[in-house]
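[1] Quick one, what's the 3D model for this:
(chains A and B)
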Amino acid sequence: GAVVSQHPSWVICKSGTSVKIECRSLDFQATTMFWYRQFPKQSLMLMATSNEGSKATYEQGVEKDKFLINHASLTLSTLTVTSAHPEDSSFYICSARAPEGHTGELFFGEGSRLTVL
Amino acid sequence: AQTVTQSQPEMSVQEAETVTLSCTYDTSESDYYLFWYKQPPSRQMILVIRQEAYKQQNATENRFSVNFQKAAKSFSLKISDSQLGDAAMYFCVQETSGSRLTFGEGTQLTVNP
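    Next up, the predicted model:
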C-alpha cells in the first residue's frame, strides 16, 4: 500500500536554530500534502496545506514565516521551523492522499518529534 | 467551520468485550467523509474505518463498525471482541472540501486483560 515517510523521526536542536523536516510519498505522487502539529495528549491541528509547485496555504494563526513549507516535487514536501524556540517543541505529522483522488485514503507519516532546548 | 467532539477522554474495556466510542460533528457541508483513526504509542496514525456521508449503510471492517446518524450528526465506533492490540488513542475525523481534516480531541482506549 501507499507509504508516507518522514525524516527525521526525532530531532533536538538549540534555540535559535532552524530545523527541516521532510515528508516523502514513497510509491505515489502527491500534489497535495498536509502538515499537522500535535502537542502531548492532544489532537492533531492542521497547520498548512502544501501544494506542489505553488505556495502553501496556512491555517489561521500559523506563522508562515516561522514554519516554511516547500513542496518542490510530487513526492517531497518539507517543513522548516525557523529560529526555533522551546515553545515550538512538538510532534509534527504530515499526510498525503493516495492518487485515487478524493476517494483515496489519506496516509500519514510516522511523525517527527522536535525538541528545542 | 467544522467541529468534531469526542466526549470521552478515556475509555476502558475488558479483553473480548465490546466498547463504543462516541463522536459528534458539525458541518454545513452536504458532502463529507468521516473516519476513525487510531494512534498507538508509536504515534503512527492508522485508518480504522471510513464512512461516506452520502451512504446510509453503516460501514463495517471486521471487528469495527460504526453507527452513522447523519441527521443527528453522530458517528460512533463499536469495537467488538476487543483485543489488547486495540489499545490506542482513537480520533474521530471529518474530511470536508479540499481534503481538510478536522480531528476530535481523541479517546484513549485501554484494553484490560
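
[2] CA only for contacts and neighbour counts going forward, please
    OK.

[3] quick one: low-confidence parts of the chain?
    You didn't pick a chain, so chain A it is. A:1-2, A:99-104 (pLDDT under 70).

[4] the strands in it, which residues?
    Using DSSP state E, the strands of chain A run over A:4-7, A:10-13, A:19-25, A:32-38, A:44-51, A:57-58, A:67-73, A:76-81, A:90-97, A:106-108, A:112-116.

[5] Pull the contacting residues for the most centrally placed residue in chain A.
    When Cα atoms, centre = their mean is applied to chain A, the residue found nearest the centroid is residue A:35 (3.6 Å). By Cα atoms under 8 Å, 6 or more residues apart in numbering or on different chains, the contact list for residue A:35 reads A:46-50, A:79, A:92-95.

[6] just residue A:82 next, same as before
    A:16-19, A:65-68.

[7] Tell me the most packed of the residues you listed, by neighbour count.
    residue A:67 (22 neighbours; other Cα atoms under 10 Å in any protein chain shown).

[8] Let's see if you can find the most crowded of the contacts of residue A:35.
    Neighbour max across the contacts of residue A:35 (other Cα under 10 Å) = residue A:94, 30 neighbours.

[9] wait, doesn't it sit right on residue A:113?
    No. Using Cα atoms under 8 Å, residue A:94 is not in contact with residue A:113, being 12.0 Å away.

[10] worst-scoring helix or strand of chain B, pLDDT-wise?
    Least confident helix or strand of chain B, by mean pLDDT, DSSP states H and E, is strand B:100-103 with a mean of 88.

[11] Moving C-terminal from that strand, which element do we reach first?
    Later in the chain than strand B:100-103, the nearest helix or strand by DSSP states H and E is strand B:107-112.

[12] Now do the longest strand anywhere in chain B against strand B:107-112, angle only.
    Using DSSP E to define each element, chain B has its longest strand at strand B:88-96. Here the directions of strand B:88-96 and strand B:107-112 differ by 150 degrees (axes from the mean of the first three to the mean of the last three Cα atoms, to 10 degrees).

[13] Just want the angle from strand B:88-96 to strand A:44-51.
    Using the same axes, to 10 degrees, strand B:88-96 lies at 50 degrees relative to strand A:44-51.

[14] quick one: average pLDDT of strand B:88-96?
    Averaged across strand B:88-96, pLDDT comes to 94.

[15] Show residues contacting that strand.
    In contact with strand B:88-96 (Cα under 8 Å, 6+ apart) are residues A:43, B:4-6, B:23, B:25, B:29, B:31-41, B:101-110.

[16] In ChimeraX, how would I select the buried members of the residues you listed?
    To isolate in ChimeraX the members of these that are buried, counting by 16 or more other Cα atoms under 10 Å in any protein chain shown, one can use:
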select /A:43 /B:4,5,6,23,25,32,33,34,35,36,37,38,39,40,101,102,103,104,105,106,107,108,109,110
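
[17] So which bits of chain B are right by chain A?
    B:43-46, B:91, B:99, B:101-106 (Cα under 8 Å from any Cα of the partner chain).

[18] residues in chain A within reach of chain B, list them.
    Residues of chain A lying near chain B (Cα under 8 Å from any Cα): A:42-46, A:102, A:108-111.

[19] Residue B:37 touches residue B:45, doesn't it?
    Yes. Using Cα under 8 Å, residue B:37 makes contact with residue B:45 at a distance of 6.3 Å.

[20] ok, now which ones touch the nearest residue to the residue nearest to the centre of chain A once chain neighbours are set aside?
    Using Cα to Cα, 6 or more residues apart in numbering or on different chains and skipping the chain neighbours, the partner closest in space to residue A:35 is residue A:94 (4.4 Å). Residues in contact with residue A:94 (Cα under 8 Å, 6+ apart) are A:6, A:23, A:33-36, A:108-109, A:111.
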